[in-house]
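1. Please work out how this folds:
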Amino acid sequence: MSKDAYFVDKVCVITGAGSGIGRALAENLAKRGAKLALSDIDTDGLAETVRRCEQLGAEVKSDRINVAEREAVLLYADAVHAHFGKVHQVYNNAGIAYHGDVIKSEFKDIERIMDVDFWGVVNGTKAFLPFLMESGDGHVVNVSSLFGLIAVPGQSAYNAAKFAVRGFTESLRQEMLVGKHPVKVTCVHPGGIKTAVARNATWAEGIDGKKAASMFDAKLAMHSPEMAAQTITEGVRKGHGRVLIGWEAKLLDVFVRVTASGYQRIAAVVNRPFLP
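-> Down below sits the predicted model:
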């Protein structure tokens, strides 16, 4: 991939850059000529991403950041701005997974998912938004999920977080349009991507997490992180408000629109054989 004039010298912040879609985004943007601020709580994975991006010729700043720690994210945004002088794009990608029925889930399990998957996005958006506006050419990219479009049993906490990301992001986009601010906003909904999210997920008591993760990897993870990153960056370059990744995300988006609440009974029946 040759350098892309749209991204050359753009300062791009990516959370969750230590693996999966985050790493693929970092490499994709490095090839396009962007400058990178990469973060993750996995320092080993992050170091490998940094190594790969620097080999591609990118200027990289890397930091261990837990996106759920608001004060740390606010300080991080200031540090990134001080280092590069500008910030153009923020990819709030960091996330975790959890599986469990509401009745079996502890409050702490639900809170943990919301802290990382929703508040992590809010923290990253709020911390960097003033700098994005200052740049005159900003872009917020928040990663929701296929499960931000459709709810399924056993994913109530994850659904709640990802639906919240979608609502927050779509509202933000309208605010930027109403205020005529120089910031574009994109909400991303990946389908089945081959990442470690399922293998690293936590589970309610009584669920065989390894078996469920193996099933996800074998039957549902159909697309590579590189394909996801390519789809995201192309959507960003075109200024799309919503980016759906994978045929299944596009199909289920239409399915929900057509059936309205009727999809819930269908989803319940379809998912019954896969639930404990």
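
2. State which strand of the chain is the longest.
-> Ordering each strand of the chain by length in residues (DSSP state E) puts strand 183-190 first.

3. pLDDT on it, on average?
-> Model confidence over strand 183-190 averages 98 on the pLDDT scale.

4. just how off-centre is it within its chain?
-> When C-alpha coordinates are averaged (CA atoms, centre = their mean, to the nearest Å), strand 183-190 and its chain have centres 9 Å apart.

5. now do stretch 169-177
-> When C-alpha coordinates are averaged (CA atoms, centre = their mean), stretch 169-177 and its chain have centres 17 Å apart.

6. Then stretch 143-152?
-> With CA atoms, centre = their mean, you get 11 Å for stretch 143-152.

7. who touches it?
-> 21, 91-93, 95, 121, 155, 158-159, 162-163, 165-166, 169, 187-192, 246, 248-249, 252-253, 255-256, 263-264, 267, 271 (CB atoms under 8 Å, 6 or more residues apart in numbering). No exception for glycine: its C-beta is placed from N, CA and C like everyone else's.

8. Let me see the ranges of the helices in the stretch 151-276 of the chain.
-> 156-178, 209-215, 225-237, 247-259, 263-271 (DSSP state H, counting those that start in this stretch).

9. With mean pLDDT, distance to Ala26 and mean neighbour count as new columns, can the ones you listed be given to me in a markdown table?
-> Listed next are the helices of the stretch 151-276 of the chain as a markdown table, based on pLDDT from 0 to 100; distance: least, CB to CB, whole Å; neighbours: other CB atoms under 10 Å:
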| stretch | mean pLDDT | distance to Ala26 | mean neighbour count |
| --- | --- | --- | --- |
| helix 156-178 | 98 | 20 | 19 |
| helix 209-215 | 54 | 24 | 15 |
| helix 225-237 | 97 | 8 | 20 |
| helix 247-259 | 92 | 22 | 15 |
| helix 263-271 | 83 | 34 | 13 |
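
10. now for those, which one comes closest to Lys3?
-> Closest to Lys3 of the helices of the stretch 151-276 of the chain, according to CB to CB: helix 225-237, at 12.7 Å.

11. so Val67 makes contact with Asn93?
-> No - Val67 lies out of contact with Asn93 (CB atoms under 8 Å); the separation is 9.4 Å.

12. Can you check which residues contact both of the two?
-> With CB under 8 Å, 6+ apart, Val67 and Asn93 have common neighbours Thr15, Gly16.

13. Of these two, which one has the most company?
-> Using other CB atoms under 10 Å as the criterion, Val67 and Asn93 rank with Asn93 on top: 30 against 27.

14. right, and the helices of the stretch 151-276 of the chain - which one's nearest Met133?
-> From these, taking CB to CB, the stretch that ends up closest is helix 156-178, at 8.7 Å.

15. Just the CA trace of that closest one, in PDB.
-> Output of helix 156-178 as PDB, limited to C-alpha atoms (Å, rounded to 0.1, in the frame of the first residue of the first chain):
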ATOM      1  CA  SER A 156     -26.900  -8.200  27.800                       C
ATOM      2  CA  ALA A 157     -23.900  -6.400  29.300                       C
ATOM      3  CA  TYR A 158     -21.900  -6.300  26.100                       C
ATOM      4  CA  ASN A 159     -25.100  -5.300  24.100                       C
ATOM      5  CA  ALA A 160     -25.700  -2.500  26.600                       C
ATOM      6  CA  ALA A 161     -22.200  -1.100  26.200                       C
ATOM      7  CA  LYS A 162     -22.100  -1.400  22.400                       C
ATOM      8  CA  PHE A 163     -25.700   0.100  22.000                       C
ATOM      9  CA  ALA A 164     -24.600   2.900  24.200                       C
ATOM     10  CA  VAL A 165     -21.500   3.500  22.100                       C
ATOM     11  CA  ARG A 166     -23.700   3.700  19.000                       C
ATOM     12  CA  GLY A 167     -26.100   6.200  20.600                       C
ATOM     13  CA  PHE A 168     -23.400   8.300  22.000                       C
ATOM     14  CA  THR A 169     -21.500   8.400  18.700                       C
ATOM     15  CA  GLU A 170     -24.500   9.100  16.500                       C
ATOM     16  CA  SER A 171     -25.600  12.000  18.800                       C
ATOM     17  CA  LEU A 172     -22.000  13.400  18.800                       C
ATOM     18  CA  ARG A 173     -22.000  13.300  15.000                       C
ATOM     19  CA  GLN A 174     -25.200  15.400  14.900                       C
ATOM     20  CA  GLU A 175     -23.800  17.800  17.500                       C
ATOM     21  CA  MET A 176     -20.700  18.400  15.300                       C
ATOM     22  CA  LEU A 177     -23.000  19.000  12.300                       C
ATOM     23  CA  VAL A 178     -25.300  21.400  14.100                       C
END
